[in-house]
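Q: Starting from these lines, generate the structure:
(one chain, ligands or ions: 1)
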Amino acid sequence: MADLQVLDDAAVLIGDDGDIAAVGSYAELVGQAGDATVTEVDGVLFPGFVDCHTHAVFGMARLADQERRARGEGYKEIAAAGGGILSSVRDVRQRSADDLTDLTRRRLTHLVANGTTTVEVKSGYGLELEAELKQLDVIATVAADGGPSIVATFLGAHEVPEEYRPRADEYVNVVINDMLPAVERQGVARFCDVFCEPGVFTVEQSRRVLEAAARHGLAPKLHADELDPSGGAELAVELGAASADHLAAVSEAGIAALAGSDTVAVLLPGTMMFLGRGNQAPGRRLLDAGAAVALATDFNPGSSPGMSLPLMTTLATSQCGMVPAETITAITVNGAAAVGEAHTRGQIAPGFRADLALALVHDWREVVYWYGTGLIAEVWVGGLACHPRQTPVNFLV
Ligand SMILES: [Zn+2]
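A: Alright, predicted model coming up:
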């Protein structure tokens with residue numbers, strides 16, 4: 001993962017189909033380009049970044065939760081005061097699809113402005129059939145806009161909704177028997193995810209959902225071992241999941257399981273930073289064991305309202321023991337692998353989609369170094385300019 005190929009005075013030849021036709025020296029490729037349009041740029045051109053874990057479809061921001069947390073309140077007190085994830089659920093249930101679509105579009109603009117060209121987006125703030133399908137519809141609508149590539153994930157088992165507490169098993173039955181068949185019929189989601197964590201869904205409940213999802217054509221992903229080691233990483237590997245995500249509390253057995261598998265370990269360091277937790281996922285130990293590591297924003301209103309993958313590279317370098325080159329692989333090649341697109345996204349190479357992000361720097365390492373600075377100047381998706389700063393809409397709520 002630390003072995004990046006960096007070309008000087010390079011050119012990328014993009015075909016009419018929006019895929020990369022050739023990569024090489026500027027002098028050679030411009031000679032071969034015929035009547036192609038030549039766009040000269042000065043800086044470092046990265047593969048468009050792949051944000052492989054977001055909850056980008058939501059309504060209100062949770063500004064009060066942040067203040068309560070700063071005053072020392074825990075998640076139970078925040079929930080008792082009307083905040084927490086279930087406040088996002090109540091909000092999404094009552095919002096129109098048009099309203100959610102408008103908000104999601106504005107927020108995707110900011111993801112793209114930070115160099116992201118492929119975004120995985122989960123449902124999971126509906127927790128009832130109609131509202132889950134509404135979220136997936138919103139994802140399909142924004143995916144058809146022609147901006148960043150969107151990968152949809154059904155996350156009906158994100159939390160146990162209020163009306164099913166404390167009957168999580170009954171809610172799991174609803175997810176399996178009512179939601180999954182409808183999600184398959186709707187045809188939007190590619191993956192199914194579950195929040196596997198003590199107090200939310202157990203390993204056994206998570207296994208039931210993901211095995212049923214596979215029968216409905218949805219590939220497994222898992223929120224695993226965020227707060228406590230419960231065997232989530234091991235379950236992800238057992239089921240052949242595309243990724244096991246969070247892993248701040250992954251066990252040694254979980255690390256070993258991931259290292260011996262094709263399941264990508266997705267680290268979300270922005271979440272731990274935003275929540276003020278001292279522990280980050282053991283990126284260095286996962287890498288040394290041989291696991292494939294990706295980084296994502298976990299963009300969501302409760303625990304990670306951040307939209308910058310470059311910031312995640314800085315956090316992974318300073319807090320997860322990853323070197324800068326590994327973090328670039330983690331937001332490109334390995335992010336693509338975590339959404340099943342390792343063969344089409346995340347590399348500047350012939351046959352890959354011409355998704356590119358230009359950083360106004362001399363040395364690629366500066367993107368990891370000048371944190372929180374917004375160095376991405378231009379973005380192309382499928383060879384077409386998708387310049388983020390031309391979009392005048394900035395309000396996020
Ligand atoms: Zn998440």
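
Q: Run the chain-centre distance for stretch 232-252.
A: 16 Å (CA atoms, centre = their mean, to the nearest Å).

Q: Hmm, I typed the wrong one, I wanted stretch 196-213.
A: Distance, centroid of stretch 196-213 to centroid of chain: 20 Å (CA atoms, centre = their mean).

Q: With stretch 137-157 instead?
A: 12 Å.

Q: tell me which residues in the helix ranked longest in the chain are buried?
A: Determined from DSSP state H, the single longest helix within the chain is helix 97-113. Neighbour counts over helix 97-113 (16 or more other CB atoms under 10 Å) mark 100-101, 103-105, 107-113 as buried. Every residue, glycine included, has its C-beta placed from N, CA and C.

Q: just stretch 62-82 next, same as before
A: Neighbour-count burial for stretch 62-82, counted by 16+ other CB under 10 Å, picks out 62, 65-66, 68-69, 73, 75, 78.

Q: Over to stretch 355-372?
A: Within stretch 355-372, the residues that count as buried by 16+ other CB under 10 Å are 355-361, 364-369, 371.

Q: now, which of the residues you listed lie within helices?
A: Cross-referencing the buried residues of stretch 355-372 against helices under DSSP H gives 366-369.

Q: Can you report phi and psi for T54?
A: The phi and psi values for T54, taken as degrees, to the nearest 10, are phi -140, psi 160.

Q: burial measure for the closest residue to it other than its chain neighbours, as a count.
A: Leaving aside its chain neighbours, T54 sits nearest to F299 (4.1 Å; criterion: CB to CB, 6 or more residues apart in numbering). Neighbour count of F299, defined by other CB atoms under 10 Å: 28.

Q: contacting residues around F299?
A: Counting by CB atoms under 8 Å, 6 or more residues apart in numbering, F299 touches 51, 54-56, 107, 111, 305-307.

Q: rerun at 7 Å
A: Contact analysis of F299 by CB atoms under 7 Å, 6 or more residues apart in numbering lists 54-56, 306-307.

Q: which residue is nearest the centroid of this structure?
A: Central residue of the chain (CA atoms, centre = their mean): H53, 2.1 Å from the mean position.

Q: is it true that it touches L268?
A: Yes: here H53 reaches L268: they are 6.2 Å apart, a contact under CB atoms under 7 Å.

Q: which residues are in contact with both of the two?
A: By the contact definition CB under 7 Å, 6+ apart, H53 and L268 are jointly contacted by 245, 296, 298.

Q: how many neighbours does the second one have?
A: The reference is to A296. Neighbours around A296, by other CB under 10 Å: 31.

Q: Can you tell me how far it is from G18?
A: Separation of A296 from G18 (CB to CB, to the nearest Å): 24 Å.

Q: CA-only coordinates of stretch 295-306 in CSV, if you can.
A: Extracted C-alpha coordinates of stretch 295-306, given in CSV (Å, rounded to 0.1, in the frame of the first residue of the first chain):
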residue,chain,number,x,y,z
LEU,A,295,-10.4,5.1,4.8
ALA,A,296,-13.7,6.8,4.6
THR,A,297,-15.5,9.9,6.1
ASP,A,298,-18.5,8.1,7.7
PHE,A,299,-20.3,11.3,6.7
ASN,A,300,-23.4,11.5,8.9
PRO,A,301,-25.2,14.0,11.1
GLY,A,302,-24.4,12.4,14.5
SER,A,303,-20.9,11.2,14.7
SER,A,304,-19.1,12.5,11.6
PRO,A,305,-20.4,15.5,9.8
GLY,A,306,-17.2,15.8,7.7
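
Q: average model confidence for it?
A: For stretch 295-306, mean pLDDT rounds to 98.

Q: Can you show me the strands along the stretch 151-300 of the chain?
A: With DSSP state E, counting those that start in this stretch as the criterion, the stretch 151-300 of the chain has strands at 191-196, 219-220, 222-224, 243-246, 264-267, 293-295.

Q: Which one of those strands lies nearest to E184?
A: strand 191-196 (9.9 Å; CB to CB).

Q: ok, back up a step: could you dump the strands of the stretch 151-300 of the chain to JSON lines with distance to V92?
A: JSON lines is the format used below for these (distance: least, CB to CB, whole Å):
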{"stretch": "strand 191-196", "distance to V92": "16"}
{"stretch": "strand 219-220", "distance to V92": "24"}
{"stretch": "strand 222-224", "distance to V92": "18"}
{"stretch": "strand 243-246", "distance to V92": "21"}
{"stretch": "strand 264-267", "distance to V92": "23"}
{"stretch": "strand 293-295", "distance to V92": "26"}
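
Q: who wins for proximity to Q347 among those?
A: Among the strands of the stretch 151-300 of the chain, strand 293-295 comes nearest to Q347, with 14.0 Å by CB to CB.

Q: what packs against the closest one?
A: strand 264-267, helix 283-289, helix 309-319, helix 324-330, helix 333-338 (3 or more CB pairs under 7 Å, 6 or more residues apart in numbering; DSSP states H and E).

Q: Check the offset of the first one from the chain's centre.
A: How far strand 264-267 lies from its chain's middle: 10 Å, per CA atoms, centre = their mean.

Q: residues in contact with that strand?
A: 52-53, 242-245, 247, 258, 281, 283, 286, 291-296, 316, 320, 334, 337-338.

Q: Quick one, which of the residues you listed are buried?
A: Applying 16+ other CB under 10 Å to the contacts of strand 264-267 flags 52-53, 242-245, 247, 258, 281, 283, 286, 291-296, 316, 320, 334, 337-338 as buried.

Q: Okay, now the unreliable bits of the protein?
A: 387-397 (pLDDT under 70).

Q: repeat that for 50
A: 390-393 (pLDDT under 50).
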